[in-house]
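>>> Pasting the sequence and the predicted coordinates here, then a few questions.
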Amino acid sequence: MDDGGAPWELAFIYYNNGLTGGTRNEYRLTRLTRFIREAGLEPGDEMILSRTDDDRWRISYVRNGAPAAPEGERLVLKLGGGWKVVSI
């Protein structure tokens with residue numbers, strides 16, 4: 001759910017590359033394109049995933065240069081040339 005109360009369906013996928021000849025495990029968060037486009041996010045913006053009291057996830061964002069998001073149980077993805085976890 002986003003800050004406006006709209007539901008979003010995202011997928012968290014785990015790949016065990018060790019079973020297919022690779023050397024590492026991989027985690028991917030997918031189905032984000034529509035949210036990114038509708039929010040008008042740009043490189044340098046942060047997407048924040050945080051747990052709610054009913055054990056669901058809330059998705060929000062902070063524009064590049066805006067004050068940091070509040071602390072707590074959250075996952076921050078910083079948009080750039082590639083995806084990476086910058087805070088857990």
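Great, that's in hand.

>>> How about residue 13: what's its closest non-neighbour residue?
Distances taken as CB to CB, 6 or more residues apart in numbering put residue 28 closest to residue 13, at 4.6 Å, once the chain neighbours are dropped. Backbone N, C-alpha and C define where each C-beta goes, glycine included.

>>> Can you show me the helices along this protein?
Applying DSSP state H to the chain gives helices spanning 33-39.

>>> Tell me, please, the helix or strand in it that averages the lowest pLDDT.
strand 85-87 (a mean of 52; mean pLDDT, DSSP states H and E).

>>> right, and residue 51 touches residue 57 too?
Yes: here residue 51 lies in contact with residue 57, judged by CB atoms under 8 Å, at a distance of 6.2 Å.

>>> ok, back up a step: wait, isn't the residue nearest to residue 13 in contact with residue 17?
No: applying CB under 8 Å, one finds residue 28 not in contact with residue 17, separated by 11.8 Å.

>>> Could you tell me which residues make contact with residue 32?
Applying CB atoms under 8 Å, 6 or more residues apart in numbering to residue 32 gives the contacts 10, 47.
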